[in-house]
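Peer 1: Next comes the sequence, and after it the predicted model I'd like to discuss.
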Amino acid sequence: MERVTFVAPVNLAVIKYWGKRNEELILPINDSLSATLDTEHLCAKTTVMISPDFEQDKIWLNGCEESIENARLQNCLREVRKRSQLPDKQENWKVHICSENNFPTSAGLASSAAGYACLTVALAKLFNVQGDISAIARCGSGSACRSIYGGFVRWYMGDNIDGSDSISKEVFDTNHWPDMRILILVVNDTKKKVSSSEGMKRCYHTSPFLKYRAENTVPLRIEQMQEAIQDRNFEKFAELTMKDSNEMHAACAAAYPPCFYMNDTSHRIIELVHAYNTAHGEIKAAYTFDAGPNATLFVLEKDVCELYAVINNYFLFVDDRQTKDQIGKSLPGASASSELLKKINIEKQPLGKLKYVIHTRVGTGPKQVLDSENHLLDNQGFPKKLY
């Protein structure tokens, strides 16, 4: 038996991937660019094992057995086996897969990206696949190709009909912008009503804004974004991030039927971020929303404690227990001046509108877990924990 375990990161797009020109191959209608988050705080963990004794391929997700016949999962398995460098006999052995996330699944926190990236790197290691594997991850979930790398990652849409040039590349490494910080404001951690795949399909076929965005707005904006990151120009980075998020959700609202991923609390967060920036007379924080109500805020390290205190003042969302349990990195001495709070003259929200906050940073790509105690599958190839 052969068994390997990896953890892989969440990535959060600042220039969004939204819309596919080819559903089967998962080819996007525009380039996208994302920040990879620290696996210490948000990650998927996957153990894979092959054995001649297994009767069939099997998969368990978050402690529950799922169907192995999922089309995207089968695509990943097929591509890995096609590129396998194992002896012919071994590459036909069946595989057992066990995966879990340390954050809510299907809630707009890029769980599928982390999950398929983790699956891909683990299978690639197990089957001795050589070369770039981001295209294999893309077969499972489009944005998973960006979680193959750390730092800031660009997914190139490519031109080839077969998708062979639709791959991701690290454009700036993990240490390029060391004082960049991220606050994830979890508004709702339940499964969303309209999946990302369904939302993209609906927008692609019915939203008049989506094609215009892909062809006219994104090509220039992504180059401006890459330049802003290169120069560590936070104000430009923040402005572009917020504008791109707004455009994606405007395209969703223009679909028929419309797709609404944000809720009232999401809109109050947007209001608060703009009020905070106005109070300072400069852009100190940026929001972005993927396909869900949860907000991702980008902020520099020098301002993170103040921003956290402002959020806590207007949303009253944490007690001591939640602060210790839910924040990826501690925020000692978080406070905001009374003068600043007076300038941010917006209505306070009732307790519970925010569930918790995750404080994290830009991180590295997938990592192999070598300690056998941390495998999710036991020596016989079955989950150590079932729910």
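Peer 2: Sure, I can see it.
Peer 1: Do a quick rundown of the helices in this protein.
Peer 2: Along the chain, the segments classed as helices by DSSP state H run 71-82, 88-91, 111-126, 134-140, 196-206, 208-212, 218-231, 234-253, 264-280, 301-315, 320-326, 338-343.
Peer 1: How far does the third one sit from its chain's centre?
Peer 2: Spelled out, it's helix 111-126. Mean C-alpha position of helix 111-126 versus that of the full chain (CA atoms, centre = their mean, to the nearest Å) differs by 13 Å.
Peer 1: Show the secondary-structure elements that that helix is packed against.
Peer 2: When contacts are defined as 3 or more CB pairs under 8 Å, 6 or more residues apart in numbering; DSSP states H and E, helix 111-126 sits against strand 2-9, strand 43-51, helix 71-82, strand 94-101, helix 134-140. C-beta here means a position set from N, CA and C on the backbone, and glycine is covered the same way.
Peer 1: Also the last one?
Peer 2: With contacts defined as 3+ CB pairs under 8 Å, 6+ apart, the packing partners of helix 338-343 are helix 264-280, helix 301-315.
Peer 1: Redo those helices as a markdown table? Include mean pLDDT, distance to Thr206 and mean neighbour count.
Peer 2: Formatted as a markdown table, the helices and strands packed on helix 338-343 follow (pLDDT from 0 to 100; distance: least, CB to CB, whole Å; neighbours: other CB atoms under 10 Å):
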| stretch | mean pLDDT | distance to Thr206 | mean neighbour count |
| --- | --- | --- | --- |
| helix 264-280 | 97 | 22 | 18 |
| helix 301-315 | 92 | 34 | 19 |
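Peer 1: would CSV of these with distance to Phe234 be doable?
Peer 2: Formatted as CSV, the helices and strands packed on helix 338-343 follow (distance: least, CB to CB, whole Å):
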stretch, distance to Phe234
helix 264-280, 11
helix 301-315, 9
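Peer 1: The helices of the chain: which one's closest to Glu100?
Peer 2: Checking the helices of the chain against Glu100 by CB to CB gives helix 111-126 as the closest, at 9.1 Å.
Peer 1: got the CA positions of the closest one in CSV?
Peer 2: The C-alpha trace of helix 111-126 is given here as CSV (Å, rounded to 0.1, in the frame of the first residue of the first chain):
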residue,chain,number,x,y,z
SER,A,111,-13.8,25.2,-0.3
SER,A,112,-13.8,23.4,-3.7
ALA,A,113,-10.6,25.2,-4.7
ALA,A,114,-8.7,24.1,-1.7
GLY,A,115,-10.3,20.6,-1.9
TYR,A,116,-9.4,19.9,-5.5
ALA,A,117,-6.0,21.4,-5.3
CYS,A,118,-5.3,19.2,-2.3
LEU,A,119,-6.6,16.1,-4.1
THR,A,120,-4.6,16.9,-7.2
VAL,A,121,-1.2,17.4,-5.4
ALA,A,122,-1.8,14.2,-3.3
LEU,A,123,-2.7,12.1,-6.3
ALA,A,124,0.2,13.6,-8.3
LYS,A,125,2.6,12.6,-5.6
LEU,A,126,1.1,9.1,-5.2
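Peer 1: what angle do that helix and helix 71-82 make?
Peer 2: With axes from the mean of the first three to the mean of the last three CA atoms, to 10 degrees defining the directions, helix 111-126 sits at 20 degrees from helix 71-82.
Peer 1: what is the mean pLDDT for helix 111-126?
Peer 2: The pLDDT scores in helix 111-126 average 94.
Peer 1: Okay, angle between it and strand 94-101 too, please.
Peer 2: 140 degrees.
Peer 1: So what angle separates the directions of helix 111-126 and helix 196-206?
Peer 2: Using the same axes, to 10 degrees: helix 111-126 against helix 196-206 is 110 degrees.
Peer 1: Which positions within helix 111-126 qualify as buried?
Peer 2: 111-126 (16 or more other CB atoms under 10 Å).
Peer 1: swap in stretch 231-242?
Peer 2: For stretch 231-242, by 16+ other CB under 10 Å, it's Phe234, Lys236, Phe237, Ala238, Glu239, Leu240, Thr241, Met242.
Peer 1: roughly how far out does that stretch sit from the chain middle?
Peer 2: Worked out by CA atoms, centre = their mean, stretch 231-242 lies 19 Å from the chain centre.
Peer 1: For it, C-alpha coordinates in PDB please.
Peer 2: Output in PDB follows, covering the C-alpha atoms of stretch 231-242 (Å, rounded to 0.1, in the frame of the first residue of the first chain):
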ATOM      1  CA  ASP A 231       4.700  48.100  -6.600                       C
ATOM      2  CA  ARG A 232       3.000  47.200  -3.300                       C
ATOM      3  CA  ASN A 233       0.600  50.100  -4.000                       C
ATOM      4  CA  PHE A 234      -2.200  49.400  -1.500                       C
ATOM      5  CA  GLU A 235      -4.600  52.100  -2.500                       C
ATOM      6  CA  LYS A 236      -4.600  51.100  -6.100                       C
ATOM      7  CA  PHE A 237      -4.800  47.400  -5.200                       C
ATOM      8  CA  ALA A 238      -7.700  48.100  -2.900                       C
ATOM      9  CA  GLU A 239      -9.600  50.200  -5.400                       C
ATOM     10  CA  LEU A 240      -9.300  47.600  -8.100                       C
ATOM     11  CA  THR A 241     -10.300  44.800  -5.700                       C
ATOM     12  CA  MET A 242     -13.500  46.500  -4.700                       C
END
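Peer 1: Other residues contacting it?
Peer 2: The contact list for stretch 231-242 (CB atoms under 8 Å, 6 or more residues apart in numbering) reads 14-15, 176-177, 221, 224-225, 227-229, 273, 282-288, 298, 300.
Peer 1: where does the stretch 151-300 of the chain have low pLDDT?
Peer 2: 189-190 (pLDDT under 70).
Peer 1: Now do the contacts for Ile50.
Peer 2: Ile50 touches Met1, Glu2, Gln90, Trp93, Lys94, Val95, His96, Leu126, Phe127, counting by CB under 8 Å, 6+ apart.
Peer 1: Good, we can wrap up now.
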